[in-house]
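**Student:** sharing a model that was predicted from the sequence below.
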Amino acid sequence: MAVLILGLILFLGVHSTRIFAEGWRGATIARVGPMPWKGLYSVVSIVGFIVLIWGFRMARAETLVLWSPPVWTRHIAALLMMVSFVLLVAAYVPHNSLKARLHHPMVLGVKTWAFAHLLANGVAADVLLFGAFLVWALLSYRAARQRDRIAHTVYPPGNAASTALTVVIGLAAWAVFAFMLHGPLIGVRPFG
């Protein structure tokens, strides 16, 4: 579990600078420049992600079962994951109504992903991983909305074509990941 915790600290720590240290982040970018900041941010993120994955695989192999979720939670998790993928795609497709209305669909997608996996998993390593991401996403969304209010951010309206494209790409990505990639990459086949 220690390696998993270290990975979470590195990965979520670097992604929390806008939540807990906005002033320090801005001062550091002003001092070293945006490109070195992005480089360091990327390196720490990648290292943190690798350590997190490695730690999660180790912890999952030896961790205790806290509870056995009922089978129906897997079905709810699958539906929530469809929503999560659409939200993740909405962060990147320009002029979609989801981003226009929700403002920060990426963070909402992470929140939905974490909650879905907490519903369907009762192993201590899963609870630690997905619980940490859920708490981070809650705090990150709140901080982003506060920044929007302070800056009086206005999001451009979306259109039906871009919104439909967002939904189609999100559902297609979900299907590919759920049916073809989740098993080989994660080691768990959500649909048997």
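**Tutor:** It's in.

**Student:** tell me the centre residue of the chain?
**Tutor:** Val110 (3.0 Å; CA atoms, centre = their mean).

**Student:** would you check that it makes contact with Phe133?
**Tutor:** Yes. Look at Val110 against Phe133 with CB atoms under 8 Å: they come within range, at 6.1 Å. In this view, the C-beta of every residue, glycine as well, is placed from N, C-alpha and C.

**Student:** restrict the lowest-mean-pLDDT helix or strand in the chain to CA atoms and write it as PDB.
**Tutor:** The weakest-scoring helix or strand in the chain, judged by mean pLDDT, DSSP states H and E, is helix 182-186 (a mean of 87). Taking C-alpha atoms only, helix 182-186 is exported to PDB below (Å, rounded to 0.1, in the frame of the first residue of the first chain):
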ATOM      1  CA  HIS A 182     -10.100  -2.900 -19.600                       C
ATOM      2  CA  GLY A 183      -9.200  -6.600 -19.200                       C
ATOM      3  CA  PRO A 184      -5.800  -6.500 -20.800                       C
ATOM      4  CA  LEU A 185      -4.800  -3.100 -19.300                       C
ATOM      5  CA  ILE A 186      -6.400  -3.300 -15.800                       C
END
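
**Student:** what is that helix packed up against?
**Tutor:** With contacts defined as 3 or more CB pairs under 8 Å, 6 or more residues apart in numbering; DSSP states H and E, helix 182-186 has no packing partner among the helices and strands.

**Student:** and that helix, what's buried?
**Tutor:** His182 (16 or more other CB atoms under 10 Å).

**Student:** same deal with stretch 98-112?
**Tutor:** 98-100, 102, 104-112.

**Student:** next one: that stretch to chain centre, how far?
**Tutor:** Relative to its chain's centre, stretch 98-112 lies at 10 Å (CA atoms, centre = their mean, to the nearest Å).

**Student:** pull the CA atoms of that stretch into CSV?
**Tutor:** The C-alpha trace of stretch 98-112 is given here as CSV (Å, rounded to 0.1, in the frame of the first residue of the first chain):
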residue,chain,number,x,y,z
LEU,A,98,-22.0,19.8,-22.1
LYS,A,99,-18.9,22.0,-21.6
ALA,A,100,-21.0,25.1,-22.1
ARG,A,101,-23.3,24.1,-19.3
LEU,A,102,-21.0,22.1,-16.9
HIS,A,103,-17.9,24.2,-17.5
HIS,A,104,-15.5,21.5,-16.2
PRO,A,105,-16.6,18.2,-17.7
MET,A,106,-13.1,16.6,-17.3
VAL,A,107,-13.2,16.9,-13.5
LEU,A,108,-16.9,15.8,-13.4
GLY,A,109,-15.9,12.8,-15.5
VAL,A,110,-13.1,11.9,-13.0
LYS,A,111,-15.6,12.3,-10.2
THR,A,112,-18.1,10.0,-12.0
